[in-house]
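Asker: test case, fold it:
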Amino acid sequence: MQESEFSVDTPPSRTAYGAAVHRALHQDLEGGLIFGDPLAWQILGVDAAERERLIRQAREQDRPTLRTFIAMRHRFGDEVVAQALLRGVDQVLVLGAGLDTLGLRNAAPGRAVFELDLPQMSAWKQSMLRAAEIPIPASLHFVAGDLARDDWLQLLAEAGLSKRATTVLWFGVSPYLAASAVRATLAKLSTIPGVEVVFDYAATDAGLSDEAKELRDQLGNRVAALGEPFRSAWVPDEMAALLRDLGFDEIEDLGPKELTSRYLRRPGLRSAGGGGGHLVRARRTRWGE
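Answerer: Modelled structure (predicted):
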């Protein structure tokens, strides 16, 4: 995602680090208008000179599409978490957390946040937090696990996650998984009573403009060059059918047009320009039927 050389030791996932860079750049280039994150730069561990270099490079590249999409998905996730808290949901699970800061920014009395990521990524993130001297609240729990190989729900249960209503954020992961792995992950999440999952996916060519296809293909080429290629894309109706089959009865799917209407109407923001990214919120409001 971010093609520059990093000022930190090479992270286990260059795309996860790149997403964090985009969140930080949004604070400067768009003034955090979509998604404000006071820890976005701090967690990267870059000095003032490197920060200015990254900002200058982003201005020269002039590619706001991915940056604004990443800002929108975290804004959307924060909104869903806040609404769930009002309903009394006191558990949040962040799958493939990368350098996500929700558990650091939104510590609330009685609420627990669990982060699941690959062992090397989880350990690297914690080292980054220590180096940046960012306090880790007692409510944040790091769990090392592999979605493809481990019984990760059991690992989470051992770390304290209860099988009750849970808000799950799963950002920047599904496009890198095969369709079968996306189905398997959603199927496992659907076994949590009252679960609500928020995730993003890449859309197929059907219904995309030529500009959106080009933007998506350019991004696909860049992440493939980093060794983390896209592996799946979905037709929105196909995704909705899968979710319904798994028992999700409240489904909200936001494509480029809906995202632009919701988040990019303020002065000073440039249109995301499509790119084929969708955000989904899916909840199981009924159980045992």
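
Asker: which parts of the stretch 101-250 of the chain are helices?
Answerer: Listed in chain order, the helices found in the stretch 101-250 of the chain under DSSP state H, counting those that start in this stretch are 102-105, 119-132, 152-159, 179-189, 210-225, 236-245.

Asker: so which of these gets nearest Ala203?
Answerer: Ala203 lies closest to helix 236-245 among those, at 6.6 Å (CB to CB). Where C-beta positions appear, they are placed from N, C-alpha and C, glycine not excepted.

Asker: after that closest one, next one along is what?
Answerer: strand 250-254 (DSSP states H and E).

Asker: mind exporting that following strand as CSV, just the C-alpha atoms?
Answerer: Extracted in CSV, the C-alpha atoms of strand 250-254 (Å, rounded to 0.1, in the frame of the first residue of the first chain):
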residue,chain,number,x,y,z
GLU,A,250,-29.3,-7.2,9.3
ILE,A,251,-26.9,-6.4,6.4
GLU,A,252,-25.6,-3.0,5.2
ASP,A,253,-23.3,-2.8,2.2
LEU,A,254,-21.8,0.5,1.2
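
Asker: elements contacting that strand?
Answerer: helix 236-245, strand 277-283 (3 or more CB pairs under 8 Å, 6 or more residues apart in numbering; DSSP states H and E).

Asker: so what's Val80 up against?
Answerer: 167, 169, 196, 198, 281 (CB atoms under 8 Å, 6 or more residues apart in numbering).

Asker: my bad, Val113
Answerer: So Val113 contacts 91-94, 102-103, 106-107, 139-141 (CB under 8 Å, 6+ apart).

Asker: what score does it have for pLDDT?
Answerer: As predicted, Val113 sits at a pLDDT of 97.

Asker: repeat that for the one 4 residues further on.
Answerer: Asp117 is assigned a predicted lDDT (pLDDT) of 97.

Asker: count the neighbours of it for me.
Answerer: 27 (other CB atoms under 10 Å).

Asker: so how far is Phe142 from it?
Answerer: 8 Å (CB to CB, to the nearest Å).

Asker: which residues do these two both contact?
Answerer: Joint contacts of Asp117 and Phe142 (CB under 8 Å, 6+ apart) are Lys125.

Asker: and the residue nearest to Ala108 when sequence neighbours are not counted, what element?
Answerer: For Ala108, ignoring the flanking residues on the chain, the nearest one in space by CB to CB, 6 or more residues apart in numbering is Leu85 at 6.6 Å. Following DSSP H and E, one finds Leu85 within helix 64-86.

Asker: tell me how far that helix lies from the chain's centre.
Answerer: Centroid separation for helix 64-86 versus its chain: 8 Å, with CA atoms, centre = their mean, to the nearest Å.

Asker: check which helices and strands whichever helix or strand comes after it sits against.
Answerer: Per DSSP H and E, helix 64-86 leads on to strand 91-95 as the next helix or strand towards the C-terminus. With contacts taken as 3+ CB pairs under 8 Å, 6+ apart, strand 91-95 sits against helix 102-105, strand 112-117, strand 167-170.

Asker: okay, the ones you listed in a markdown table with distance to Leu153 next?
Answerer: Listed next are those as a markdown table, based on distance: least, CB to CB, whole Å:
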| stretch | distance to Leu153 |
| --- | --- |
| helix 102-105 | 19 |
| strand 112-117 | 9 |
| strand 167-170 | 11 |
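
Asker: got the contact list for the residue nearest the centre of the chain?
Answerer: Taking CA atoms, centre = their mean as the criterion, Phe171 is the residue nearest the geometric centre of the chain, at 2.2 Å. Shown in contact with Phe171 (CB under 8 Å, 6+ apart): 19, 73-74, 77, 96, 100, 198-200.

Asker: and if we set it to 6 Å?
Answerer: Listed by CB atoms under 6 Å, 6 or more residues apart in numbering, the contact partners of Phe171 are 73, 200.

Asker: kindly report the same for Thr101.
Answerer: 37, 39.

Asker: i'd like the first residue to be 16 from this point on
Answerer: That works, and once the first residue is 16, the last one we named lands at Thr116.
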